[in-house]
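Undergrad: for reference, the sequence and a predicted model appear below.
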Amino acid sequence: MDLRNALWRTSTRSGASGGNCVEVASDLPGVVAVRDSKDVTGPALIFGPAAWTAFVAQVAGRP
(Lines give C-alpha, C1' and ligand atoms only; values in the text may rest on other atoms or scores of the structure.)
Protein backbone atom coordinates (compact mmCIF):
# COMPACT_ATOMS: atom_id res chain seq x y z
CA MET A 1 0.00 0.00 0.00
CA ASP A 2 1.33 3.41 -0.97
CA LEU A 3 1.34 5.67 2.10
CA ARG A 4 3.39 8.54 0.68
CA ASN A 5 0.38 10.88 0.49
CA ALA A 6 -1.20 9.84 3.77
CA LEU A 7 -1.97 12.62 6.24
CA TRP A 8 -0.29 11.48 9.46
CA ARG A 9 -1.24 12.88 12.86
CA THR A 10 0.41 12.50 16.23
CA SER A 11 -1.40 12.50 19.56
CA THR A 12 -1.66 15.90 21.20
CA ARG A 13 -0.52 14.14 24.38
CA SER A 14 2.87 13.42 22.86
CA GLY A 15 4.19 16.86 23.81
CA ALA A 16 6.28 19.29 21.81
CA SER A 17 9.25 16.94 21.39
CA GLY A 18 7.24 14.12 19.81
CA GLY A 19 8.53 11.51 22.23
CA ASN A 20 7.72 7.84 21.97
CA CYS A 21 4.41 7.79 20.15
CA VAL A 22 2.64 6.56 17.13
CA GLU A 23 1.22 8.44 14.20
CA VAL A 24 -2.11 7.58 12.64
CA ALA A 25 -3.34 8.15 9.10
CA SER A 26 -7.10 7.80 8.90
CA ASP A 27 -7.59 9.58 5.57
CA LEU A 28 -7.01 6.41 3.54
CA PRO A 29 -9.92 4.66 1.82
CA GLY A 30 -11.06 1.68 3.90
CA VAL A 31 -8.04 1.44 6.22
CA VAL A 32 -6.25 3.10 9.13
CA ALA A 33 -2.44 3.13 9.08
CA VAL A 34 -0.25 3.37 12.19
CA ARG A 35 3.51 3.99 12.34
CA ASP A 36 6.27 4.80 14.82
CA SER A 37 6.81 8.57 15.08
CA LYS A 38 10.55 8.03 15.48
CA ASP A 39 10.82 5.98 12.27
CA VAL A 40 8.53 7.63 9.74
CA THR A 41 10.14 5.80 6.82
CA GLY A 42 9.79 2.44 8.55
CA PRO A 43 6.92 -0.03 8.33
CA ALA A 44 3.31 0.80 9.09
CA LEU A 45 0.56 -1.39 10.46
CA ILE A 46 -2.70 -1.39 8.49
CA PHE A 47 -6.06 -1.94 10.22
CA GLY A 48 -9.62 -2.10 9.00
CA PRO A 49 -11.85 0.66 10.41
CA ALA A 50 -13.78 -1.72 12.72
CA ALA A 51 -10.58 -3.21 14.17
CA TRP A 52 -9.14 0.28 14.74
CA THR A 53 -12.33 1.50 16.42
CA ALA A 54 -12.34 -1.55 18.73
CA PHE A 55 -8.65 -1.00 19.60
CA VAL A 56 -9.18 2.69 20.43
CA ALA A 57 -12.23 1.83 22.55
CA GLN A 58 -10.22 -0.71 24.56
CA VAL A 59 -7.32 1.72 25.08
CA ALA A 60 -9.77 4.39 26.22
CA GLY A 61 -11.44 1.92 28.61
CA ARG A 62 -14.76 1.91 26.79
CA PRO A 63 -16.73 -1.29 26.26
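TA: Yep, that arrived. Since the model is a prediction, treat every value here as computed from it, not as a measurement.
Undergrad: go ahead and confirm Phe47 touches Gly30.
TA: No: taking contacts as Cβ atoms under 8 Å, Phe47 lies outside contact range of Gly30: 10.4 Å. Every C-beta, even on glycine, is put in place using the N, C-alpha and C of the backbone.
Undergrad: comparing these two, which shows the higher neighbour count?
TA: Neighbours per residue (other Cβ atoms under 10 Å) separate Phe47 from Gly30, with Phe47 holding more: 17 against 7.
Undergrad: contacts only, for the more buried one.
TA: Residues in contact with Phe47 (Cβ atoms under 8 Å, 6 or more residues apart in numbering) are Val31, Val32, Ala33, Val34, Phe55.
Undergrad: what bridges to the spatially most central residue of the chain?
TA: Among the residues of the chain, the one closest to the centroid is Val24, at 2.2 Å (Cα atoms, centre = their mean). Beta-bridge pairing for Val24 (DSSP bridges): Arg9, Val34.
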